[in-house]
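Asker: sharing a model that was predicted from the sequence below.
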Amino acid sequence: MHTPGARLDEIVIVPYDPRWPKLFEAQRARVAEVLAPVLVGAVEHIGSTAVPGLPAKPIIDMLARVTDHAAAGAVVTGLAALGWVAAPEPSDGALRRWSYCFPDVARRSHHLHVVEHVSDGWPTWLAFRDRLRADPAAASGYAALKAELAARDRHDRVAYRAGKAPFIEGVLDS
């Protein structure tokens with residue numbers, strides 16, 4: 001038995017899938033159209049699925065920057081019409097962001113992070129992605145770390161994220 005809305009997908013790292021960019025693009029265009037009134041810049045493909053050749057959890061992470069958190073709240077309801085489901089995370093309110101999953105929270109193929117353009121977190125997401133794209137050694141080290149963390153406990157997302165944090169900080173500081 002599971003809690004409604006709970007994430008049922010295990011933390012499983014799979015080999016890079018060359019379809020991931022196309023899967024991103026299919027949803028990017030739809031999301032961008034709904035968010036157009038408040039969207040700042042392009043909807044970005046982030047996370048490990050955005051790094052060619054990098055093994056990853058098979059969930060396409062997407063970033064949409066918006067002008068204002070409150071204004072986005074009125075617009076993002078249109079995402080439901082596209083099959084996106086609200087998937088609030090504990091820190092969303094404090095960080096002035098919205099989290100959505102497609103096609104559902106329990107078994108998602110895509111995760112959309114809608115953040116205020118002025119927030120300070122999202123630039124590091126793009127910087128880390130770009131560093132991994134440019135540095136095969138860093139990408140390889142990250143792949144090994146993710147596989148090790150996933151093998152320890154396929155259900156502990158908190159430990160998985162915490163285990164990656166020092167590596168991410170090290171890459172960003174280099």
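Answerer: Structure's in. What do you need?

Asker: okay, CA-based contacts and neighbour counts for the rest of this
Answerer: Fine.

Asker: tell me the pLDDT at the spatially most central residue of the chain?
Answerer: Residue closest to the average C-alpha location in the chain (C-alpha atoms, centre = their mean): D61, at 2.9 Å. Per-residue confidence (pLDDT) for D61: 97.

Asker: with adjacent residues omitted, what lies nearest to it?
Answerer: Distances taken as C-alpha to C-alpha, 6 or more residues apart in numbering place H111 nearest to D61, at 4.9 Å, with adjacent residues excluded.

Asker: for the one you found, list each beta-bridge partner.
Answerer: D61, C101 (DSSP bridges).

Asker: burial count for it?
Answerer: H111: 23 surrounding residues under other C-alpha atoms under 10 Å.

Asker: the residue nearest to the centre of the chain: what's it in contact with?
Answerer: By C-alpha atoms under 8 Å, 6 or more residues apart in numbering, the contact list for D61 reads 45-47, 49, 110-113.

Asker: could you redo the last one with a cut-off of 6 Å?
Answerer: The contact partners of D61, taken as C-alpha atoms under 6 Å, 6 or more residues apart in numbering, are 46-47, 110-111.

Asker: would you convert those residues into JSON lines that also reports pLDDT and distance to E33?
Answerer: As requested, the contacts of D61 are exported to JSON lines (pLDDT from 0 to 100; distance: C-alpha to C-alpha, whole Å):
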{"residue": "I46", "pLDDT": "98", "distance to E33": "19"}
{"residue": "G47", "pLDDT": "96", "distance to E33": "22"}
{"residue": "H110", "pLDDT": "97", "distance to E33": "17"}
{"residue": "H111", "pLDDT": "95", "distance to E33": "17"}
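
Asker: okay if I get the residues you listed as CSV plus distance to L23?
Answerer: Listed next are these as CSV, based on distance: C-alpha to C-alpha, whole Å:
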residue, distance to L23
I46, 13
G47, 14
H110, 9
H111, 12
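
Asker: of all the residues you listed, which comes closest to D68?
Answerer: H111 (19.9 Å; C-alpha to C-alpha).

Asker: name the residues of the worst-scoring helix or strand of the chain on mean pLDDT that are buried.
Answerer: The weakest-scoring helix or strand in the chain, judged by mean pLDDT, DSSP states H and E, is helix 92-95 (a mean of 78). By neighbour count with 16 or more other C-alpha atoms under 10 Å, helix 92-95 contains no buried residues.
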